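Sequence and predicted structure below; questions after.
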2 protein chains.
Amino acid sequence: MSAKRVTSQDVADLAGVSRTTVSLVLNDVQDIKISPATKQKVVEAAQELGYVPDAAAQALASRRAQIVGLILTRQPHQIASDAFIPQILDGLLDVMHQYDMRLIIDIVEPEHQSEAYLQLVRAKRIDGILLSGPRLGDHALKSLEDDGFPTVLIGQLPDVNFCSVDIDNRAAAGMAVAHLVNLGHQRIACITNAPKTYTAPVDRLAGYRLALEDAGIAYRPELVRFGNFTLESGYEQMANLLASGEPFTAAFVASDTVAMGAKSAILEKGLRIPDDIALVGFDDLPIAKFAEPPLTTVHLPVIELARQASAMLINILKGGSQACRHILLDTHLVIRRSCGATHNR
Amino acid sequence: MSAKRVTSQDVADLAGVSRTTVSLVLNDVQDIKISPATKQKVVEAAQELGYVPDAAAQALASRRAQIVGLILTRQPHQIASDAFIPQILDGLLDVMHQYDMRLIIDIVEPEHQSEAYLQLVRAKRIDGILLSGPRLGDHALKSLEDDGFPTVLIGQLPDVNFCSVDIDNRAAAGMAVAHLVNLGHQRIACITNAPKTYTAPVDRLAGYRLALEDAGIAYRPELVRFGNFTLESGYEQMANLLASGEPFTAAFVASDTVAMGAKSAILEKGLRIPDDIALVGFDDLPIAKFAEPPLTTVHLPVIELARQASAMLINILKGGSQACRHILLDTHLVIRRSCGATHNR
DNA sequence: TTGTAAGCGTTATCAC
DNA sequence: GTGATAACGCTTACAA
């Protein structure tokens, strides 16, 4: 099996220096000055031997694992169609690579208030946490806060003092609904992206409501349904809405995935989009552009969200200002055919 | 900041035993028998102190990191719409949780023949590797093979001796095409899911070809295009096919994602599905069922694939038979409206 | 059955 | 500038 492990001692021997020096050189320690000659020798020796420091030993001694944890709060059934995960990974890993950090990923069920990720922290397996889909009333989070553990939320949460990166869900939803209003729609239904235990759907619903009020349209609970992340939930809620007999000519669905499900229910009823019902989604997933009809939606910069969140976390880890910051990224409406306005693909 | 760390010494002290005993008890070592009384004391002490072993120390001493690496070979632009990733994670983490293992994830670009993941191995950060999207001519893989490093492929590769979990791509593709043939189609186009440097598209194309031959239909290269994982590639290749003037009444697209792109191109031309062109996809992504029209496709058991792959890896790690095994999972055709046969939703 | 002691491969604190 | 020498917290022969 595998080759005899190369240790820093081997490198030291070959370079004719001590292990200390090897460590100093390879970690590029600033405080102390090492002669360029020695430096060169060490680097070459390491290269020649193909030396790769043992991560465990490094972690034990330095008290830094060089790993961050990405915790996704999701329900099992909603994972399969969660189109965000790949994009989040994309943005995250990009930053991780830059800093030579690793990513441990885990999915925890919101119900199991999981101490699951606390375990990672307690075992010192990770130096910091990125939490996607933070939930109200998560005890573990409180614990992290008390410990002052480096944490960045992808999303937001009131009453906690963590850094976060998010969008202005309320404004974004308002923008989408205002668009429908401007097209002349008066009876606009709404299906949220998730249950109200999450903050995003609550904010998006608030945005919907505000936009209606701004337009002098009464808010009617009968036209509102709660989605649950999945295509199925969109299908069901829309079917339910259609069966309710409440008339409406447009719908704002606060998630493209849920919207695709809703779309399916509409078409199955023999109704046309946008002729009978105009549809606006939220997220601008890649599929939105290729849906039939192409879906007008709010563009959510997921990759950038992930990128900023990880950059923020790295900054904290590097000893940057612990100052808590909240970043809100811009969104914009992408107009396609599903609401019947100017057509773009 | 954080609480004073609890070490195994603390637990030992509280329980009135030595650190050895603590380790023995907590790791549930089989060989040696510890009195239930002692065991109880240790467990309680650990509980009371909230003891969590330091992962780095554990790894250093035991030479096991308790982490497996999931390496996704993907091109940056294809990640965002890669609907497999969430499902793979789902299956994987499920198994990982059972064995109290962690998952480090990384995405490497196929071009960068990345030694990227070798780094993880060399640093002993991971105990084993799950490789999704293995590619022909990956030097790093050869290196792993030489080292006998525990590795399981999600997919397949000739000329290497790794365990693998996959489906019979050729047979599955054949099944899809045979379905089109049975519906009376004679001119059937094909768009692969990926370039031919991957094995799956090559096998699926072979299945397409065989099915045609079985039906006495000549294989015509003019009707074949190569997709590249993405919606865009599907759109482009189908547009190209339509523009070529080669007549065809059906298309087998070896990936649902690519098929959704292709679908968009067809509809945009004013052609109807399945009336003008029947469409069969591959993968059975959640969205397939909710597409317009719903997409007939080959069901790929991704979650199960991931589950079996990780179980296989864990088995190797636990010292199970190093015997190399190749598992092929079953697929089946899911018939929906896009090919005009019996309609299901 | 339990304890002693020797690593595991680094980093970090001091002297030199 | 560079090199001994402790930690770091755990596992694991080997003794007892």
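That came through, no problem. Residues are numbered from 1 along each chain as shown, chains lettered A, B, ... in the order given.

What is the burial count for A:Val177?
Neighbour count of A:Val177, defined by other C-beta atoms under 10 Å in any protein chain shown: 26. (Glycine included, C-beta is placed from N, CA and C.)

and what of A:Asp330?
Neighbours of A:Asp330 under the rule other C-beta under 10 Å: 11.

OK, contacts around it?
Residues in contact with A:Asp330 (C-beta atoms under 8 Å, 6 or more residues apart in numbering or on different chains) are A:Ile167, A:Pro301.

Over to it: give its phi and psi.
When read as degrees, to the nearest 10, the backbone of A:Asp330 gives phi -70, psi 150.

Likewise for A:Leu333?
Main-chain dihedrals, A:Leu333, degrees, to the nearest 10: phi -90, psi 130.

you'd agree it is up against A:His179?
Yes - A:Leu333 is in contact with A:His179 according to C-beta atoms under 8 Å; the separation is 5.8 Å.

For the helix or strand A:Asp90 falls within, give me every contacting residue.
Using DSSP states H and E, A:Asp90 sits in helix A:84-98. With contacts defined as C-beta under 8 Å, 6+ apart, helix A:84-98 is touched by A:68, A:70, A:72, A:79, A:102-103, A:105, A:130, A:132, A:154, A:283, A:302-307, A:309-311, A:314, B:76, B:79-83, B:85-86, B:89, B:105-107.

Spell out whether whichever strand or helix holds A:Ala45 and DNA strand D are in contact.
Using DSSP H and E, A:Ala45 sits within helix A:36-49. Yes - residues of helix A:36-49 contacting DNA strand D under C-beta under 7 Å from any atom of the strand: A:Ala37, A:Thr38, A:Lys39.

ok, so of those, who is nearest chain B?
A:Lys39 (21.9 Å; C-beta to the nearest C-beta).

Contacts (any at all) between chain B and stretch A:193-205?
No - Stretch A:193-205 stays clear of chain B (C-beta under 8 Å from any C-beta of the partner chain), getting no nearer than 15.6 Å.

got the end-to-end distance for that stretch?
Stretch A:193-205 has its terminal residues 9 Å apart, counting by C-alpha to C-alpha, to the nearest Å.

Name the residues of that stretch that are buried.
Buried positions in stretch A:193-205, judged by neighbour count with 16 or more other C-beta atoms under 10 Å in any protein chain shown: A:Asn193, A:Ala194, A:Tyr198, A:Thr199, A:Ala200, A:Pro201, A:Val202, A:Asp203, A:Arg204, A:Leu205.

So the closest residue to the second one other than its chain neighbours, which state does it fall into?
Looking back up the chat, that one is A:Ala194. With C-beta to C-beta, 6 or more residues apart in numbering or on different chains as the criterion, A:Ala194 has its nearest non-adjacent residue at 4.5 Å, and that residue is A:Pro201. Going by DSSP: H, G, I helix; E, B strand; the rest coil, the secondary structure assigned to A:Pro201 is helix.

ok, now which ones touch A:Pro201?
A:Thr192, A:Asn193, A:Ala194, A:Pro195, A:Phe226, A:Gly227, A:Ala254.

Just confirm the second one is within a helix.
The reference is to A:Asn193. No - counting by three-state DSSP, one finds A:Asn193 to be coil, located in no helix.

Contact residues of chain A facing DNA strand C?
Counting by C-beta under 7 Å from any atom of the strand, chain A sits next to DNA strand C at A:5-9, A:19-20, A:22-23, A:26-27, A:29, A:51, A:53-54, A:57-58, A:60-62.

Please, where are all the helices along chain A?
For chain A, the helices defined by DSSP state H cover A:8-15, A:19-26, A:36-49, A:55-62, A:76-79, A:84-98, A:116-122, A:139-147, A:169-182, A:199-214, A:231-243, A:256-268, A:302-317.

Switch the ones you listed over to a markdown table; also include mean pLDDT.
Converted to a markdown table, the helices of chain A look like this (pLDDT from 0 to 100):
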| stretch | mean pLDDT |
| --- | --- |
| helix A:8-15 | 91 |
| helix A:19-26 | 91 |
| helix A:36-49 | 90 |
| helix A:55-62 | 95 |
| helix A:76-79 | 88 |
| helix A:84-98 | 96 |
| helix A:116-122 | 91 |
| helix A:139-147 | 89 |
| helix A:169-182 | 98 |
| helix A:199-214 | 97 |
| helix A:231-243 | 98 |
| helix A:256-268 | 98 |
| helix A:302-317 | 96 |
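
ranking the ones you listed by burial, who's on top?
Across those, averaging neighbours per residue (mean count of other C-beta atoms under 10 Å in any protein chain shown) puts helix A:256-268 on top, at a mean of 26.

packing partners for that one?
Contacting helix A:256-268 under the criterion 3 or more C-beta pairs under 8 Å, 6 or more residues apart in numbering or on different chains; DSSP states H and E are the following elements: strand A:188-191, helix A:231-243, strand A:250-253, strand A:278-283.

so the longest one versus helix A:256-268, what angle?
Comparing the axes of helix A:231-243 and helix A:256-268 via axes from the mean of the first three to the mean of the last three C-alpha atoms, to 10 degrees yields an angle of 40 degrees.

who in chain A is up against DNA strand D?
Taking C-beta under 7 Å from any atom of the strand as the test, the list of chain A residues beside DNA strand D reads A:16-21, A:24, A:32-35, A:37-39, A:57, A:60-61.

quick revisit: looking at the contacts of A:Pro201, which is nearest DNA strand C?
Using C-beta to the nearest atom of the strand, A:Ala194 comes nearest to DNA strand C of those, at 42.7 Å.

which ones are touching the closest one?
A:Ala194 makes contact with A:Ala200, A:Pro201, A:Phe226, A:Gly227, A:Asn228, A:Phe229, A:Ser255, according to C-beta under 8 Å, 6+ apart.

most neighbours, which of these?
A:Ser255 (32 neighbours).

wait, isn't A:Leu120 in contact with A:Asp106?
Yes - taking C-beta under 8 Å as the definition, A:Leu120 is a contact partner of A:Asp106 at 7.3 Å.

Quick check: end-to-end length of stretch A:141-158?
End residues of stretch A:141-158 are separated by 12 Å (C-alpha to C-alpha).

So what touches that stretch?
A:88, A:118, A:121, A:127-136, A:160-166, A:198-200, A:305-306, A:309-310, A:312-313, A:316-317, A:322, A:326, B:1-3.

in stretch A:104-118, what counts as buried?
Buried-residue list, stretch A:104-118, by 16+ other C-beta under 10 Å: A:Ile104, A:Ile105, A:Asp106, A:Ile107, A:Val108, A:Pro110, A:Ser114, A:Tyr117, A:Leu118.

Looking at the buried residues of stretch A:193-205, which is nearest B:Leu212?
Lowest distance from B:Leu212 to these (C-beta to C-beta) belongs to A:Asn193, with 44.0 Å.

who touches the closest residue to that closest one other than its chain neighbours in this structure?
Nearest residue to A:Asn193, sequence neighbours excluded (C-beta to C-beta, 6+ apart): A:Ser255, at 3.3 Å. Applying C-beta under 8 Å, 6+ apart to A:Ser255 gives the contacts A:Thr192, A:Asn193, A:Ala194, A:Gly227, A:Phe229, A:Gly234, A:Gly281, A:Phe282, A:Asp283.

from memory the last one sits against A:Val298, does it?
It refers to A:Asp283. Yes - between A:Asp283 and A:Val298 there is a contact under C-beta under 8 Å: 7.1 Å.

Many thanks, have a good one.
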